[in-house]
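Visitor: pasted the sequence and its predicted model underneath.
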Amino acid sequence: MGAALRDDNFGADTQTVSFDAARHAAAALARPLDRSEDVPIALAAGRVLAAAIEAPSALPPFDQAAMDGYAVCLSGRKGVPVVLPMGGRTNAGDAPGVLRPGTAHRVMTGAALPTGADAVVMQEHVARRGDLLHFDLPIEPGAHIRRSGEDVVRGAAVIEPGRMIGWADIAVLAALGVRTVRVACPLRIAVVTTGSELRDGGEPLPAGAIYDSNGPMLAALLAGPNTHIVSLSVRDEVNAIADALQTQAGAVDLVITTAGMSVGDADHVRDAVGRAGGRLDIVKVAMKPGKPLAFGMIGEAYFAGLPGNPQAAAYGALAFVRPMTRRLLGQAPAKRVTARTAFAASRKPDRTELLPVSLSVEHGRLTARRSGPDGSHRMMPMVSADAVAVVPGASTPLEAGTCLEVLPFDQPRLGG
Ligand SMILES: Nc1nc2c(c(=O)[nH]1)N[C@H]1C(S)=C(S)[C@@H](COP(=O)(O)OP(=O)(O)OC[C@H]3O[C@@H](n4cnc5c(N)ncnc54)[C@H](O)[C@@H]3O)O[C@H]1N2
Ligand code: MOO
């Protein structure tokens with residue numbers, strides 16, 4: 001008889017690495033792809049900037065009136081109430097006028113400040129009597145003037161490479177007259193589900209077969225402006241899987257498989273990676289769910305082999321594949337999100353547990369509540385969750401009120 005069988009198969013073994021070590025290894029494996037393209041700014045939202053943008057001009061581009069009112073010249077005098085005649089006008093869009101000494105110059109918000117003016121008075125503080133303007137308040141030098149360059153200095157780096165472009169970035173780019181930006185090319189990803197039991201929706205289901213849910217799930221989890229995803233499904237046959245891996249590895253940047261990772265008779269993905277000429281850097285991770293998880297390279301393509309159970313596949317994608325895709329695109333790692341647990345849980349010293357949680361703000365703090373019963377084959381706990389909580393291994397149970405890292409299902413921007 002060999003070694004005693006363990007029901008969870010999580011005993012110490014030299015191939016198994018810790019969750020944290022596997023995360024580091026996945027991030028270290030991925031190198032930025034450095035493939036970029038120019039896109040019009042209208043299509044740039046959500047793309048990752050590939051080259052720094054230096055401001056071609058200042059913002060505001062010239063000194064401007066910040067209010068509808070009157071530009072005046074105090075020239076060192078105390079800004080006491082005064083009476084001045086009207087002397088000219090500059091509307092927004094006009095070339096700057098000239099303030100004639102001893103007059104007030106009508107200006108509209110956004111108008112170029114007339115030459116010689118050093119303050120703008122809101123029209124609410126001016127009474128117009130005939131041709132004369134009565135200024136009823138002390139006037140502050142520099143009041144209501146937007147200075148050229150106070151928002152953006154010409155030549156300044158306004159957006160750093162690696163940043164995901166958002167609507168605010170597009171506003172600045174548009175204001176600067178920038179029409180196109182250089183962004184990282186979308187990652188080409190192949191999602192290959194393996195399993196002779198799998199059928200696509202709409203196909204008849206013979207006894208024992210199931211519909212493929214991992215394929216559509218991962219395609220949706222990874223979908224976005226920075227990815228082009230192809231999906232295919234392969235039966236549990238080692239050469240068929242190896243062929244698919246080899247073909248896809250020649251065509252995409254990242255090949256992801258699901259299932260066929262464990263110890264069953266029909267689990268062929270690791271062998272297939274070898275037959276496709278690939279290598280695996282990590283073959284098992286001390287985590288639940290998702291222990292039978294591997295990653296490495298097949299030719300020039302990165303490879304991630306996720307387990308078949310839907311929660312194991314999803315959390316493997318959140319914990320390992322998403323950080324890899326960020327790095328391949330040249331992004332910084334996502335900011336760590338933490339939440340206070342509103343639940344207690346048992347745990348084991350030698351593995352990290354990933355638990356689906358719903359997030360809410362309670363008493364001013366992000367709080368994680370357990371979602372659904374145990375079982376990585378279940379999908380409904382993910383439907384009612386917003387994130388997965390990372391529960392580190394320990395010999396003591398997890399207490400309610402513990403602060404834990406959570407991996408949000410939808411990535412918040414948070415500066416990344
Ligand atoms: N004797 C052992 N059995 C198992 C172990 C173990 O350590 N010893 N580990 C268990 C764990 S944990 C997991 S996770 C699974 C992982 O197995 P595989 O990656 O080999 O996946 P399969 O066995 O092929 O499938 C598992 C499960 O998932 C369903 N599945 C697969 N693909 C899809 C898909 N595209 N859409 C929906 N559902 C899918 C599949 O039908 C199975 O029910 O192994 C345990 N067993
Ligand atoms: O732990 Mo497996 O990874 O349940 O699904």
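Guide: Now that the structure is in, tell me what you want to look at. Ligands and ions are numbered 1, 2, ... in the order given.
Visitor: in the stretch 301-416 of the chain, which spans are helices?
Guide: Taking DSSP state H, counting those that start in this stretch as the test, the helices found in the stretch 301-416 of the chain are 310-316, 322-328, 380-383.
Visitor: can you tell me which of the ones you listed is nearest to residue 401?
Guide: With C-beta to C-beta, the closest approach to residue 401 among those belongs to helix 380-383: 21.9 Å. For every residue, glycine as well, the C-beta is placed using N, CA and C.
Visitor: and that closest one, what does it pack against?
Guide: Secondary structure elements in contact with helix 380-383, counted by 3 or more C-beta pairs under 8 Å, 6 or more residues apart in numbering; DSSP states H and E, are helix 310-316.
Visitor: strands paired with the longest strand anywhere in the chain, and their directions?
Guide: Secondary structure assigned by DSSP state E gives strand 352-362 as the longest strand of the chain. Listed by DSSP bridges, the sheet partners of strand 352-362 and their directions read strand 284-288 (parallel), strand 365-370 (antiparallel), strand 387-391 (antiparallel).
Visitor: the last one vs ligand 2: in contact?
Guide: Right, the one you point to is strand 387-391. No: with C-beta under 6 Å from any ligand atom as the threshold, strand 387-391 lies outside contact range of ligand 2, at a closest distance of 12.6 Å.
Visitor: now do the first one
Guide: Yes: using C-beta under 6 Å from any ligand atom, a contact is recorded between strand 284-288 and ligand 2, made by residue 288.
Visitor: give me the distance from that strand to the chain's centre.
Guide: For strand 284-288, the gap between its own C-alpha mean and the chain's C-alpha mean amounts to 26 Å (C-alpha atoms, centre = their mean, to the nearest Å).
Visitor: whichever residue of the stretch 301-416 of the chain sits closest to ligand 1 - nearest residue in space that isn't next to it in sequence?
Guide: Using C-beta to the nearest ligand atom, residue 308 is the residue of the stretch 301-416 of the chain that sits closest to ligand 1, at 2.5 Å. Using C-beta to C-beta, 6 or more residues apart in numbering and skipping residues adjacent in sequence, the residue nearest residue 308 is residue 259, 3.0 Å away.
Visitor: what's around the one you found, how many residues?
Guide: Neighbour count for residue 259, taken as other C-beta atoms under 10 Å: 28.
Visitor: got phi/psi on it?
Guide: The phi and psi torsions at residue 259 (degrees, to the nearest 10) take the values phi 70, psi 180.
Visitor: isn't it up against residue 195?
Guide: Yes: between residue 259 and residue 195 there is a contact at 4.9 Å, judged by C-beta atoms under 8 Å.
Visitor: which residues are in contact with both of the two?
Guide: In the contact map built from C-beta atoms under 8 Å, 6 or more residues apart in numbering, the residues linked to both residue 259 and residue 195 are residue 308.
Visitor: now do the residue sitting furthest away from the middle of the chain against ligand 2, distance only.
Guide: Note on the chain: the largest separation between a C-alpha and the mean C-alpha position, by C-alpha atoms, centre = their mean, falls on residue 130 (59.6 Å). When C-beta to the nearest ligand atom, to the nearest Å is the yardstick, residue 130 and ligand 2 sit 85 Å from each other.
Visitor: relative to ligand 1, how far out is that residue?
Guide: In this structure, residue 130 and ligand 1 are 83 Å apart, going by C-beta to the nearest ligand atom.
Visitor: give me every residue that touches residue 219.
Guide: Residue 219 makes contacts with 191, 229, 231, as judged by C-beta under 8 Å, 6+ apart.
Visitor: and it, that's in a helix?
Guide: Yes: note on residue 219: a helix contains this position according to DSSP: H, G, I helix; E, B strand; the rest coil.
Visitor: in terms of pLDDT, where does it sit?
Guide: At residue 219, the pLDDT value in this model is 98.
Visitor: what does the stretch 201-350 of the chain put close to ligand 1?
Guide: Near ligand 1, the residues belonging to the stretch 201-350 of the chain are 210, 212-215, 258-264, 267, 289, 291-292, 307-310, 312 when assessed by C-beta under 6 Å from any ligand atom.
Visitor: what stretches of the stretch 151-300 of the chain score poorly on pLDDT?
Guide: Nowhere does the stretch 151-300 of the chain drop to pLDDT under 70.
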